[in-house]
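Participant: Show me the folded form of this:
(2 chains)
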Amino acid sequence: MGRYIIRRVLLGAATLLLVTFVLHLLTTFAIQLNGSPALAFFGDRIPTDAQLAAVEERYGLDDPCYDQTGNPCLGPYVERLGAYAQGDFGTNLRGREVTDIVATAAPNTLKLFAIVTVTWFVLGMGLGSAAARWRGRSADHGIRMTSVLIDAFPIFVLLLVYRYVFAVPLSDWARSTFGDDSMVALWFRPSFDADHPWATVLVPGILLGLAGSAAFIRLVRASQLESYAGEHVRTARSRGLAERHVVLHHVVRNSSVPVVTAVGLTFTEALAGAVITEGMMNIYGMGGVLWEAVRGNDVALVVGIVTILAIVTVVVMLVVDIAYAALDPRIRYA
Amino acid sequence: MRRRAATAAAAATVTTLLLASCGGGGGNEEGDGEGSGGESATVRLALAQDVETLLPMDSNVSDNISVLDVVYDGLVRYDPETTEPYNYVAESIESEDNTVWTIKIKPDLTFQNGEPVDAEAFARAWNYAAYGPNAMANNYFFERIAGYDEMQGETDDEGNVVEEPAAKELSGLKVVDPQTLEVTLTGPFAGFATMLGYTGFFPVAQECLDDVEACAVKPIGNGPFQVEEWEQGIGLTATRWDEYPLEEAPTYGTIEWTEYAGEENWPDFQAGNLDFAVPPPAELASAAADPDLQERFVEGPGAALTYMAFPLYQDGPWSDVEFRKAISMAIDRQGIVDALLPGERVPADSWVVPDGVPGGEAGTCEWCEFDPDAAKAALEKAGGWPEGETLTIHLGQDETEEALFKAIGDSIQQVLGIPYELDPTPDYFDRRAAREFTGAFRANWFPDYPLNENYLAPVYASGDPKKGNTEFGYYGKEFEAAIAAGDEAATLEEAVTKYQEAEAALAQDFPTVPVVFSVNSYYYSENMSNVVLDPFSGEPKLRLLEVSDAM
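Facilitator: Purely as a prediction, here's the structure:
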């Protein structure tokens, strides 16, 4: 197990290096091809050379290599890596620490993800197990139909309909029924409120979880069906074990291996959904910040945040790999 | 920065509303007793999330300008109706020759931390902003003050700094005594006093310069409100400063700004969590059809001009003024605005926004009326469009603007038979500065201070008859003379008249084609009254606003 973990950690570190390098190349070329982001600072005005140079220095783009198309700008890359290694993730264009931004934004995204994950698990394990248990019956058909229906509604449609059709009347109703500051009124606030983060992130989290749950439901169902047909289940049953015991220990537990993998994989995918959810519900989170940073050509912020996200992703994958190995001994010896 | 919309019917309501509110006597202190929420009342506003600083020297977007307008006081403030400047922190601003200006500051004013607001407070802010390496957004406002050039670094041909600036202070600033500041400009400029109400000219405390980073997040102002807390990215709260000595202070106690990443705050307004909002395009029609909402709608002229420019620095059909006239008369401005952006833009027939700033007049552009026959005749006079060529229209990447210019291109093609193509480019500013555009291009101007001169000199004057101005290579002898005459005029009124002559000269040379002006509008909650929009930022004038008992 020790060697397995070391191998995984080294692989993770190599991945991080590669990610940051590719990112660095992409942003460098973007600057070289699109012209200096510092120009946008001046809007409709044409700055003098001295004014432009001063802003480029402030933006950390004063290295001459940014003016030479095709130059990979290795100098700034090494400098940045060195700073990252010391925990200095730099500042955004206006001088705010990237770590400060992440420290404000990340907790909100994590709250969102926590609710999303719980929603996935409850819906995926609950409905998936039910569908597998009563395969071919009306419950199974109903659940499979539902999962198709969920797939047909992308997250932005769900949120748009919720915000513009349901949120305002629901919020009005809750306020008049339960009072302005009641928990129920907060649940239906049309957008995030930093003073009540859990209450206002609940509905968007459930919606985002719902939108991504279809794949889970089907995954759990398929994986449990395989288990039901498995020889070990037949053996367990033939030994006269109680059906409850068989389902919990031999079906659900065995089918959880692919589900754990999927949670890890979907974790990164959920970030894409988070960009939309955070944007629409005005949650100050990682997705929204990243989106704005890309739009604003804020290179230092984009690279800083993606690097932090990459670290998180690599760590999550690592944890998933280890959990995987713990659940299935065959993996660590492979 | 903001996009607005409304219907023509709504506009009528608003005009009445505006008149009613202004007619009620501009006094903001007089709050009618009953209903006026007093210090417990709160105004809840939306703020764009990209506000990254509240340092006056570095604040140049409508959102931080709007916040700082209640946190700081400038030497002058602007009349909400006419936008004409009047002295506020300044007791007097005088000049004999428009070059050396003497500014007297009212006595006994302090910052919120107790430091005096004196000549030194202004000098230190202006020196900090003018010092090139500080890279402040409002650096260029100080170009007119003597000694500015010495404070900028020297650059080589590639734009890299080769030499640090020689001076750290503007030689044109002299603190005569604590209440007197003497400013020497590089040349005469009659509009200097008008500039002084802009955010970039606010004073700062010494404590602010000692820790600029802290001050950018928690300003030490001299205005009626102080920033309590700014949780960057989330929200900002300002409360009344009880010791505020001057008269223009709102009657309510708190302003809460919630930051939004986009413009998606309409449902929050509908749910009663915000006091001001603008509906997204999809909700415009239903908002306009709601009689209750229509009673709480305000609209005013915006200050931004969108126009079409030509690469006059290179030969082409556009070198002939008749061709430019033909293009202008071939654009059905009203039809395009009605179809695409009703209530969000108005057709432009002048280079300076009419009624928006002193000297602004409608109809200075003789050839801005849609007239297909005259357009065809003018094109013929110009020798027609070269066979087989396509007119490229360069512009930045922006959905709304692309749709607008596609409609303009269609209009030109339909009337004149000139095939066109749009070139939406991500490096618009870069290419424009490098004079790389080879066809017509979209341009936009948002003024920095309310004076007709600001629509003219910064855009068209260069003093370089050979190369013309950087953007499009225009040079007009008569135009430059009129601007210079305005700069030297004895009074602001005379200057405004001279600048109007400059606009007339421009109208004859016709280097660019005015297309549309922006429009500001807002819906507001039941608690708000006396809602007036600032023509500049487009935001509600917070000092005039009256708030009845909150919620």
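Participant: Secondary structure element for the residue of chain B found nearest chain A, which one?
Facilitator: Using C-beta to the nearest C-beta, B:Asp430 is the residue of chain B that sits closest to chain A, at 2.8 Å. Every residue, glycine included, has its C-beta placed from N, CA and C. Element membership of B:Asp430 [criterion: DSSP states H and E] is helix B:428-433.
Participant: Please identify the buried residues of that helix?
Facilitator: For helix B:428-433, burial by neighbour count (16 or more other C-beta atoms under 10 Å in any protein chain shown) applies to B:Tyr428, B:Phe429, B:Asp430, B:Arg431, B:Arg432, B:Ala433.
Participant: so what's the second one closest to, chain neighbours aside?
Facilitator: What sits nearest to B:Phe429 in space, not counting adjacent residues and going by C-beta to C-beta, 6 or more residues apart in numbering or on different chains, is A:Leu39, at 4.1 Å.
Participant: and the one you found, how far is that from A:Phe153?
Facilitator: 41 Å (C-beta to C-beta, to the nearest Å).
Participant: Which residue of those two possesses the greater neighbour count?
Facilitator: A:Leu39 (22 against 15; other C-beta atoms under 10 Å in any protein chain shown).
Participant: Isn't the more buried one up against B:Arg432?
Facilitator: No. Under the criterion of C-beta atoms under 8 Å, A:Leu39 makes no contact with B:Arg432, lying 9.2 Å away.
Participant: ok, then the element right after the helix holding B:Asp430?
Facilitator: strand B:440-445.
Participant: Can you tell me which helices and strands that next one packs against?
Facilitator: Secondary-structure packing of strand B:440-445 (3 or more C-beta pairs under 8 Å, 6 or more residues apart in numbering or on different chains; DSSP states H and E): strand B:297-309, strand B:391-395.
Participant: can you pull the alpha-carbon coordinates of that strand into CSV?
Facilitator: The C-alpha trace of strand B:440-445 is given here as CSV (Å, rounded to 0.1, in the frame of the first residue of the first chain):
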residue,chain,number,x,y,z
ALA,B,440,-14.4,51.7,-41.0
PHE,B,441,-14.5,50.9,-37.2
ARG,B,442,-16.7,51.3,-34.2
ALA,B,443,-15.6,53.7,-31.6
ASN,B,444,-17.1,54.9,-28.3
TRP,B,445,-16.5,57.8,-26.1
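Participant: Which elements pack onto the next helix or strand after it?
Facilitator: As assigned by DSSP H and E, the chain's next helix or strand after strand B:440-445 is helix B:453-460. Contacts defined by 3+ C-beta pairs under 8 Å, 6+ apart place helix B:453-460 against helix B:477-488, helix B:492-509.
Participant: so how many other residues sit close to B:Ser439?
Facilitator: That one is not Ser; residue B:439 is Gly. 18.
Participant: ditto for B:Thr99
Facilitator: Counted with other C-beta under 10 Å, the neighbours of B:Thr99 add up to 19.
Participant: same thing with A:Arg234?
Facilitator: Residues contacting A:Arg234 under the criterion other C-beta under 10 Å number 13.
Participant: Check the gap between it and chain B for me.
Facilitator: Distance, A:Arg234 to chain B, by C-beta to the nearest C-beta, to the nearest Å: 55 Å.
Participant: quick revisit: what are the phi and psi values for the closest residue to the residue of chain B closest to chain A other than its chain neighbours?
Facilitator: Nearest non-adjacent residue to B:Asp430, counting by C-beta to C-beta, 6+ apart: A:Gly35, 2.8 Å away. When read as degrees, to the nearest 10, the backbone of A:Gly35 gives phi 90, psi 160.
Participant: domains of chain A?
Facilitator: A:2-85, A:108-296 (automatic domain parsing).
Participant: out of these, deepest packed?
Facilitator: Among the domains of chain A, ranked by average contacts under mean count of other C-beta atoms under 10 Å in any protein chain shown, first place goes to domain A:108-296 (a mean of 18).
Participant: mean confidence for it?
Facilitator: Averaged across domain A:108-296, pLDDT comes to 84.
Participant: contacting residues around the residue of the stretch 151-300 of chain A found nearest chain B?
Facilitator: At 3.5 Å from chain B, A:Pro190 is the closest residue in the stretch 151-300 of chain A, using C-beta to the nearest C-beta. Contacts of A:Pro190 were listed using C-beta atoms under 8 Å, 6 or more residues apart in numbering or on different chains, and they are A:Arg163, A:Ala167, A:Val168, A:Ser171, B:Pro267, B:Asp268, B:Gln270, B:Ala271, B:Asn273.
Participant: which one is A:Arg45 nearest to, not counting chain neighbours?
Facilitator: Among residues not flanking A:Arg45 along the chain, B:Tyr140 sits closest, at 6.8 Å (C-beta to C-beta, 6+ apart).
Participant: how many neighbours does that neighbour have?
Facilitator: 20.
Participant: Next, B:Pro116: phi, psi?
Facilitator: Main-chain torsions, B:Pro116, degrees, to the nearest 10: phi -70, psi 140.
Participant: Is it bridged to anything, and to what?
Facilitator: When bridges are called by DSSP bridges, B:Pro116 pairs up with B:Thr110.
Participant: Do I have it right that it meets B:Leu109?
Facilitator: Yes. Between B:Pro116 and B:Leu109 there is a contact under C-beta under 8 Å: 7.1 Å.
Participant: Return the residues in contact with the closest residue to B:Phe437 other than its chain neighbours.
Facilitator: Sequence neighbours aside, B:His394 is the residue nearest to B:Phe437 in space, at 4.7 Å (criterion: C-beta to C-beta, 6+ apart). Going by C-beta under 8 Å, 6+ apart, B:His394 touches B:Asp423, B:Thr425, B:Tyr428, B:Arg431, B:Arg432, B:Phe437, B:Gly439, B:Ala440, B:Phe441, B:Arg442.
Participant: could you measure B:Ala277 against A:Gly240, distance?
Facilitator: 68 Å.
Participant: Likewise for B:Gln152?
Facilitator: For B:Gln152 relative to A:Gly240 (C-beta to C-beta), the value is 90 Å.
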